[in-house]
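Engineer: how would this look folded up:
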Amino acid sequence: MAAECENEDRGVLCGVQALGRCPNPECHVQGGAAFCSSHVERRHGRRRDWCLRCSRAADRWLLEIEEAKDRARDRIRALAHALVAAGAGPDEQYFHATTTELIGFLKFFGVWKYRTRDNPDGHRYGWYIGTYDWYLEEPIRDARFDSGGISQHITFYHTFVTQGGDIAPQGGRRGRLAGLDLYDRSLTTRTRDFLDTGAAEMSRLAQARGVEIE
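Structural biologist: A predicted model of the protein is given here:
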């Protein structure tokens, strides 16, 4: 006898002839609920041909993670702005700025002479929140083909929250945290946990400086 759809509509078992079984190992029916054409969610990616109940449950779970990420990110930014407004801005330098200026021409060598000096206006400061793995962008150039590109290598770096509430590595170089994607809509518990940790550390720093927000 063909299996019958084991999904429900408003508390009533569907019961029509099933087309397949849900492959989700955490399905509410042991071995996977049988589903019909009306109770299957077909998607490309890791959730293909799940029963509708499992698919909707997964969507709710992913939405909760995304909302938690947004709350943590918003709290980090709010704490950064509150600290700055209270005059308790960051005092740890994560980027040391310099500038290069032309100072003359060396006739004997036929080259221009330059000098590098500090540029205090360009220094950047932040609140230290821990040390994490970063994929930092490294400009490269291949002289053989007169071409260039970006190389990414993983580095363990001190990590800071900037005055604007963004997250940056020591040196202020461009890159991304290894295994995390903070600014797109990726839905990962690892990113959520990192942001929660960052928000907790910023809350601790704010409390130590007598700054509180709701």
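
Engineer: Now do the contacts for the closest residue to Glu212 other than its chain neighbours.
Structural biologist: Spatial nearest neighbour of Glu212, chain neighbours left out: Ala206 (6.7 Å); criterion: CB to CB, 6 or more residues apart in numbering. Every residue, glycine included, has its C-beta placed from N, CA and C. Contact analysis of Ala206 by CB atoms under 8 Å, 6 or more residues apart in numbering lists 79, 82-83, 88, 212-213.

Engineer: Pretty sure Leu79 sits against Glu201.
Structural biologist: No: the criterion here is CB atoms under 8 Å, and Leu79 misses it with Glu201 at 9.6 Å.

Engineer: okay, those two: which has more neighbours?
Structural biologist: Between Leu79 and Glu201, counting by other CB atoms under 10 Å, Leu79 is the more crowded of the two (25 against 18).

Engineer: OK, contacts around the closest residue to that one other than its chain neighbours?
Structural biologist: What sits nearest to Leu79 in space, not counting adjacent residues and going by CB to CB, 6+ apart, is Met202, at 4.3 Å. Met202 is in contact with 75-76, 79-80, 127, 129, 161, counting by CB under 8 Å, 6+ apart.

Engineer: Compute the distance between Met202 and Gly179, please.
Structural biologist: Distance of Met202 to Gly179, computed by CB to CB, to the nearest Å: 21 Å.

Engineer: ok, and the closest non-adjacent residue to Gly175?
Structural biologist: Closest to Gly175 by CB to CB, 6+ apart is Leu136, at 3.8 Å.

Engineer: Sheet-wise, list the partners of the strand or helix carrying that neighbour with their directions.
Structural biologist: Following DSSP states H and E, one finds Leu136 within strand 124-142. Sheet pairing for strand 124-142, assigned by DSSP bridges, gives strand 92-95 (antiparallel), strand 147-162 (antiparallel), strand 175-177 (antiparallel).
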